[in-house]
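Asks: no sequence for this one, just the structure:
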């Protein structure tokens, strides 16, 4: 359990995402009209249709970018300095911010393959983090 980190506050477009995480299932949105895969929207980014479906993602991703944080901007991260803040790109396409775990931050490489893991915050909220994976 990660102590004192701030918890995300789901909104109308992200409640199913966080409900899936509670079950250790990473979900993405798929448009039933054009097949676009995305995250956190009320309408399709491509064809503007509504009725997006939440479907399981593979959990596989690649590291898109990252920074090494050497200063805490929230007290909940103070005991983790230094840590990484990363953008990952899911195999299905959407990108989002997370942390890379299970390795030394100095070994991070853009494009490296990652796999989702789940971290439970002190509030009980589950968030996705990513760890290195071996190519398959």
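Replies: The structure has been received and is ready for your questions. Note that the structure is predicted; figures quoted are calculated from it, not measured.
Asks: For the residue of the chain most remote from its centre, pull up the helix or strand it's in.
Replies: Outermost residue of the chain with respect to the C-alpha centroid, by CA atoms, centre = their mean, is residue 33; its distance is 25.1 Å. Following DSSP states H and E, there is no helix or strand that holds residue 33.
Asks: Neighbours of the closest residue in space to it that isn't next to it in sequence, how many?
Replies: For residue 33, ignoring the flanking residues on the chain, the nearest one in space by CB to CB, 6 or more residues apart in numbering is residue 49 at 4.3 Å. All C-beta atoms are positioned from the backbone trio N, CA, C, and that covers glycine. Neighbour count of residue 49, defined by other CB atoms under 10 Å: 13.
Asks: Ok, residue 41 next?
Replies: For residue 41, using other CB under 10 Å, the count is 15.
Asks: per-domain residue ranges of this protein.
Replies: 12-56, 58-136 (automatic domain parsing).
Asks: In CSV, list those along with mean pLDDT.
Replies: CSV is the format used below for the domains of the chain (pLDDT from 0 to 100):
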stretch, mean pLDDT
domain 12-56, 96
domain 58-136, 94
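Asks: can you tell me which of those domains comes nearest to residue 5?
Replies: Nearest to residue 5 among the domains of the chain is domain 58-136 (4.1 Å), distances taken as CB to CB.
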